[in-house]
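Enquirer: Quick one, fold the following:
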Amino acid sequence: MIAFRNVFVCLAAITLIFAGAGCPRPGGGGKDGKVTILFGSPMKSLQGALASAAFPKAVVATDDIYSLTVTVTEISLDSADDDDGEDEGDDDKEDSSGVVIFEGSQDLELISLDGLSEVFSTADIPAGTYTKIRIAIENPRLRLNDDPETEITNIKLTANGHLFVSETFEVPEDGNSLVELTFEDLHLVRNGNGRYVLTPQLRADIAVSSADVAATGTIASVDADNDSMVVTLAEGDVTVLYASAAIFLPADTDTATGTEVDLVVGASVDIIGTIDLDGVITATEIRLL
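Expert: Now for the predicted structure:
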């Protein structure tokens, strides 16, 4: 993952980009949509600022945080077809009826991204109406600026690490849509016995047109005639257009000396660019690792 230091935001976002694909939907006769998951960092929310003002001695200031990392273990969507009318009071409970779009163990550093989103994974899901996004996280780790070498693990996650946001949106057949989901307020508090409590809050924004992104993966194929390549991420592939990208070799620092011939199958790369609604990244910078 590309590291970006000296940032003042303590938030993270997920962007789900839905692009049409084609495979039968079980029991529905429809097609799938392709989901690309992005994590990023918007500006600090007013809610977070008010919380810090109300509890100045307990809330950990963003400027004091060197890194805050969690492990994402699952992301799922509740389908309107499976809606059983659950009460609002059950919203924070784990629900096994959703469509799982990520399942595994992948770290997410919530502090380091500055104005970018990190491409996380891709998945094909049934087209249709969805009413809720759920995220399961665990194993929070904190490092403070005054002692960045010490990792603090004495952190409790509220709601047992199960987060959700209620928002109705469509994943169309052979169409595109974009949903941006934000960890709007992390609210990291140190209590009286020295233990930390992390209480993330989520928000969803619909119909975002594109996003500035960072991606880390392995080159799966290169199409030199069209200045494009396919990069394999943690889960799934993404197409990258590199015609206008500065290509940095492992030994390069400020000046890029690489060329197209250095983009070979099997190479590990960090990418910065812009992703569109079709899930295609137009790269501005590529770093070979």
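Enquirer: what separates S79 from L202, distance-wise?
Expert: For S79, the distance to L202 equals 19 Å [C-beta to C-beta, to the nearest Å]. All C-beta atoms are positioned from the backbone trio N, CA, C, and that covers glycine.
Enquirer: now do T232
Expert: On the measure of C-beta to C-beta, T232 and L202 end up 28 Å apart.
Enquirer: Between these two, which has more neighbouring residues?
Expert: The neighbour comparison of T232 against L202 (other C-beta atoms under 10 Å) goes to L202, with 19 against 14.
Enquirer: Tell me the predicted confidence for that one.
Expert: You'll see L202 listed with a pLDDT of 70.
Enquirer: Need the nearest residue in space to it, chain neighbours excluded.
Expert: In space, and not counting its chain neighbours, L202 is closest to V165: 3.9 Å by C-beta to C-beta, 6 or more residues apart in numbering.
Enquirer: L163 now?
Expert: I135 (4.6 Å).
Enquirer: if I read this right, that neighbour contacts Q201, doesn't it?
Expert: No: contact criterion C-beta atoms under 8 Å: I135 and Q201 do not qualify, at 11.8 Å.
Enquirer: So which of those two has more stuff around it?
Expert: Comparing I135 with Q201 by other C-beta under 10 Å, the one with more neighbours is I135, at 23 against 18.
Enquirer: That one: helix or strand, and which one exactly?
Expert: Per DSSP states H and E: I135 is located in strand 128-144.
Enquirer: pLDDT weak spots in this structure?
Expert: Counting by pLDDT under 70, the low-confidence segments of the chain come to 1-30, 34-36, 38, 40-58, 82-97, 112-119, 121, 174-185, 203-209, 235.
Enquirer: Walk me through the domains of it.
Expert: The record's domain parsing of the chain by automatic domain parsing lists 12-208, 212-288.
Enquirer: re earlier: so which bits of the strand holding I135 are buried?
Expert: By neighbour count with 16 or more other C-beta atoms under 10 Å, strand 128-144 contains the buried residues 128, 130-137, 140, 142-144.
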